[in-house]
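>>> structure for the following, please:
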Amino acid sequence: MTRQGLSRRGTGTAAQVATAASGLQAQDAAAARLGVRARSGVPDEAAVLDAVDLERSVVRPWLMRATVHLVAAADARWLVALFGPMIERRFAAVRWRQLGIDGQLLDRAIPLTREILAGRQLTRHQLAAELAERGVRPADDPQAATHLLLALSCRGVTCRARDSGRESSFALLEEWVPPAPVPADPIAELARRYFRAFGPATAADFTTWSGLRSGAAIAAISDELTEVAFDGRRGWTLGTVEPVAGLRLLPMFDNYLIGYRDRSGLLDAARYREVYVGGIIKATVLCDGRVIGSWRLARTVGTARRAAVTVVPFERFTRRHQQELERERADLERFLGRPVSLSTDG
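Next up is the predicted model:
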């Protein structure tokens, strides 16, 4: 928790938080914003939205494990170049072939996409429709437009831009994200950030988190890592931190719960399926490194502008837990800019 910035909420911007956490999973955009809140007491939700839509200091590409992540815009180009080939290998042979997305189609789609999106942002379906008018037509499948955008993003052509209602719009990566310095060794920089944010961790943990092989990554920074024993395993850490007790309300899909293959240190086995439900990772109550409950946030619509947090304990909550939950409720109120109530279910 200390390494992730969760023990003591800092003062970082959305971009600084995303960098320190090695990216925040962001297929649910609202959950990613709450992930920033859990790690910084400075930006409110409007400021995080501005960072995405107006300042463009953070961006949401497909990266680790072929999943959308919120990362600093300064890192977006080199991370896309690093993860793009892995994602393409994962999908090209089977799924993209089923959808009619192959090298020939992409060779036609890429220059047309650059022409269509020049100075514009379109949703995936709008872009697919304009490409179809120009003769680029993958299979008639509801997922075709998404996978075509994924393929274009892997090639460094497109990236998410502003949200358009409940849909993301897409822009040209070279227009939306300004050039920035590229690490001399990108895989080394990725490994450095991972072990700084998640250590102690194993090679298998790095692969589970990233979707990349660990050998070259760990070898690239072997002189910076310290080998340690923990939880009956051997792994590595980068630098030292002093653990600090703390409680946080983590959003769905939070980065903290994805960084390890063996998650027994985070959560009792009997509760595992209450948190990891299919492809969903529930919002959790985290205390001193372990999950002690789940929670849900309900926002009223219209003019009322209120919100309610309902917590489901996995164990008996102490007075300390209740006090820290109240502090979290108050910070959610600050972040959301609306009254937030707190109740316990069970």
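>>> CA atoms only for the helix or strand encompassing Asp107, dumped as CSV, please.
Taking DSSP states H and E as the criterion, Asp107 maps to helix 103-117. Output of helix 103-117 as CSV, limited to C-alpha atoms (Å, rounded to 0.1, in the frame of the first residue of the first chain):
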residue,chain,number,x,y,z
GLY,A,103,-2.4,-7.5,-42.7
GLN,A,104,-4.0,-6.5,-46.0
LEU,A,105,-7.0,-4.9,-44.4
LEU,A,106,-4.8,-2.9,-42.0
ASP,A,107,-2.5,-1.8,-44.8
ARG,A,108,-5.6,-0.2,-46.3
ALA,A,109,-7.1,1.0,-43.0
ILE,A,110,-4.1,2.8,-41.6
PRO,A,111,-3.6,5.6,-44.3
LEU,A,112,-7.4,6.0,-44.5
THR,A,113,-7.7,6.3,-40.7
ARG,A,114,-5.0,9.0,-40.8
GLU,A,115,-6.9,10.9,-43.4
ILE,A,116,-10.3,10.5,-41.7
LEU,A,117,-9.2,11.4,-38.2
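>>> how about that helix: buried residues?
Going by neighbour count (16 or more other Cβ atoms under 10 Å), the buried part of helix 103-117 is 105-106, 109-110, 112-113, 116-117. Backbone N, C-alpha and C define where each C-beta goes, glycine included.
>>> out of those residues, the closest to Arg65 would be?
Set against Arg65, the nearest of these by Cβ to Cβ is Leu106 (22.0 Å).
>>> ok, Thr123 touching Arg166?
No. Using Cβ atoms under 8 Å, Thr123 is not in contact with Arg166, being 10.0 Å away.
>>> between those two, which has more neighbouring residues?
Ranked by neighbour count (other Cβ atoms under 10 Å), Thr123 and Arg166 place Thr123 first, with 18 against 6.
>>> ramachandran angles for the residue lying closest to Cys287 once chain neighbours are set aside?
The shortest distance from Cys287 to any non-neighbouring residue, by Cβ to Cβ, 6 or more residues apart in numbering, is to Leu247 (4.4 Å). Backbone torsions of Leu247, given as degrees, to the nearest 10, read phi -130, psi 130.
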